[in-house]
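> Kindly return the folded structure for what I paste below:
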Amino acid sequence: FAHYYQHLRDLPEATRRHLLRATGATIAGAALLLALGGVGVRPAFAATITVTNGEVAITSNSICSLREAIVNANNDAATHADCSAGLGADTISLPSGGVFSLTDAHNSNYDGLPVISSQITIQGNGSTIQRTGGSSLRILNVNGSGNLTLNSATISGGSVSGFNSGGGIFNDGTVTVNNSTLSGNTCNFGGGIYSRSGSTLTVNNSTLSGNSATTKGGGIYNYGTVTVNNSTLSGNSAGANGGGIFNNSGTANVKNSIVALQTSGADCVGTITSQGYNIDSDNSCGFTGTGDQHGVTSVLLNLGPLANNGGPSPTSTMALGVGSVAIDKIPDTVNGCVAGVSVDQRYYVRGVGGTNCDVGAFEVSSTVPTAVRLSSFSARGSAGGGWAAVLGAGALALAGGLWRQGRRKKDEGRLCLHISSFP
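Residues are numbered from 1 along each chain as shown. All right, here's what the predicted structure looks like:
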């Protein structure tokens, strides 16, 4: 549920409004429809390609590897028979807590995986994609026609030597990073992520830490348009400047995020537009919007080290310590904070311990969303669903609305919906 809820919230406002009018549901209700199998909301053309844990190489062995899955998704075909065929906007599903180690480059451009050239979602489920060994390679490369959504994954150890860019991710198209961690990636420009002119990068509920650039942009180097929401960029470094974010003549928007305490290089370089409730530690980001805090010391921020702090699909986060100035700073219903409903990087509910949300990717005093259990569901009607499908979707949307109200009242119980039949 939390995964779909966050995706609906991340849609452009006009698109989200149109979808909710069409379904007659709240955001929570629509997310519930998707979580329970997409009642009445199914993509017309899409394939899910399931990858076997640890499998990377392209080889005919009846086992689907990550490289084979990306090729099939790009080609919308069963180019490699070990994996399902791609079809339209594909989802590549990784196993829960899997590890994929890249020991050699896939091509002469130092890419560890095939270049992403179509619309692909990598559903990480807490998996790690990492470089191991001494080979020079970046983890992911998205070209001009590519559109990558990365969910609940860790991208680690990418390293490209020489005058190259993007140790973790090189973006020449569209990239959305949700509930993920980029750490330990190294490059000349853009240790974590390098985004070219004309590209679009969105980072939601994610952590970038321990990435480094020989020159500029330890966390992110941006030439295009970058938007950072509810994220934490800390502990990155740059040899010249921009340990956190280096914005080079592009557009950079930051909201509800921590960009602070880099190990070298300023937190920010270039023009950064604050959309409110951000924190930096050296006054370099120009955070002067509503709720912004700048020049915050390490003692006041009290940010923990990168660690596994739990969650349904755990990726490493940086916990906020007792008394941190990031705690409870975003008012309920402001800047996307909905106490008891919004989630952090770990998919833990925000604002449970109070009325406000915390700044950054980690929420203090949070809980895993209360499960919504469908005790039984049966329906009779004409082929194609008829009124049964319509009423079923409406009932589930109503359940979503009830769930939301229950959470806002701190109701920790389960909502059980029993539908015996429809005429």
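
> Next up, the contacts around Thr149.
Residues counted as contacts of Thr149 (Cβ atoms under 8 Å, 6 or more residues apart in numbering) are Ile120, Thr121, Ile122, Val175, Thr176, Asn178. Backbone N, C-alpha and C define where each C-beta goes, glycine included.

> Assign it to helix, strand or coil.
strand (DSSP: H, G, I helix; E, B strand; the rest coil).

> what about stretch 243-253, average pLDDT?
When pLDDT is averaged over stretch 243-253, the result is 97.

> other SSEs contacting the strand ranked longest in the chain?
Of all the segments assigned as strand in the chain under DSSP state E, the longest by residue count is strand 119-131. Using 3 or more Cβ pairs under 8 Å, 6 or more residues apart in numbering; DSSP states H and E as the contact criterion, the neighbours of strand 119-131 among helices and strands are helix 66-75, strand 90-93, strand 99-102, strand 147-156.

> Between helix 66-75 and that strand, find me the angle.
Relative orientation of strand 119-131 and helix 66-75, computed by axes from the mean of the first three to the mean of the last three Cα atoms, to 10 degrees: 160 degrees.

> For strand 119-131, C-alpha coordinates in PDB please.
Written as PDB, here are the backbone C-alpha positions of strand 119-131 (Å, rounded to 0.1, in the frame of the first residue of the first chain):
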ATOM      1  CA  GLN A 119      10.500   2.900 -19.900                       C
ATOM      2  CA  ILE A 120      11.600   0.500 -17.100                       C
ATOM      3  CA  THR A 121      10.900   0.300 -13.400                       C
ATOM      4  CA  ILE A 122      13.400  -1.600 -11.300                       C
ATOM      5  CA  GLN A 123      11.500  -2.900  -8.200                       C
ATOM      6  CA  GLY A 124      14.400  -3.500  -5.900                       C
ATOM      7  CA  ASN A 125      12.600  -4.900  -2.900                       C
ATOM      8  CA  GLY A 126      15.600  -4.000  -0.800                       C
ATOM      9  CA  SER A 127      18.200  -5.500  -3.200                       C
ATOM     10  CA  THR A 128      21.700  -4.100  -3.700                       C
ATOM     11  CA  ILE A 129      23.400  -3.700  -7.100                       C
ATOM     12  CA  GLN A 130      27.100  -3.200  -6.500                       C
ATOM     13  CA  ARG A 131      30.500  -3.100  -8.200                       C
END
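
> Just want the angle from it to strand 147-156.
Interaxial angle of strand 119-131 relative to strand 147-156 (the same axes, to 10 degrees): 10 degrees.

> re the thing from before, can I get the helices and strands packed on strand 119-131 in TSV with mean pLDDT and distance to Asn141?
Written out in TSV, the entries for the helices and strands packed on strand 119-131 read as follows (pLDDT from 0 to 100; distance: least, Cβ to Cβ, whole Å):
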stretch	mean pLDDT	distance to Asn141
helix 66-75	98	10
strand 90-93	98	15
strand 99-102	98	12
strand 147-156	98	10
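
> where do the helices sit along the stretch 251-400 of the chain?
298-301, 386-408 (DSSP state H, counting those that start in this stretch).

> so where is the stretch 101-250 of the chain shaky, pLDDT-wise?
Within the stretch 101-250 of the chain, no stretch has pLDDT under 70.

> Now do the residue nearest to the spatial centre of the chain against Ile63, distance only.
Of all residues in the chain, the one closest to the mean position by Cα atoms, centre = their mean is Asn178, 0.4 Å from it. Using Cβ to Cβ, to the nearest Å, we find Asn178 at a distance of 28 Å from Ile63.

> Phi first, then psi, for the closest residue in space to Leu300 that isn't next to it in sequence.
When the adjacent residues along the chain are set aside, Leu300 lies closest to Val325, with 4.9 Å between them (Cβ to Cβ, 6 or more residues apart in numbering). Backbone dihedrals for Val325, given as degrees, to the nearest 10, come out at phi -70, psi 0.

> circling back: least reliable of the helices of the stretch 251-400 of the chain going by mean pLDDT?
Of all the helices of the stretch 251-400 of the chain, mean pLDDT reaches its minimum on helix 386-408 (a mean of 37).

> Enumerate every residue touching Ile139.
If you count contacts by Cβ under 8 Å, 6+ apart, Ile139 has them with 102, 112-113, 129-131, 155-158, 167-169, 185.
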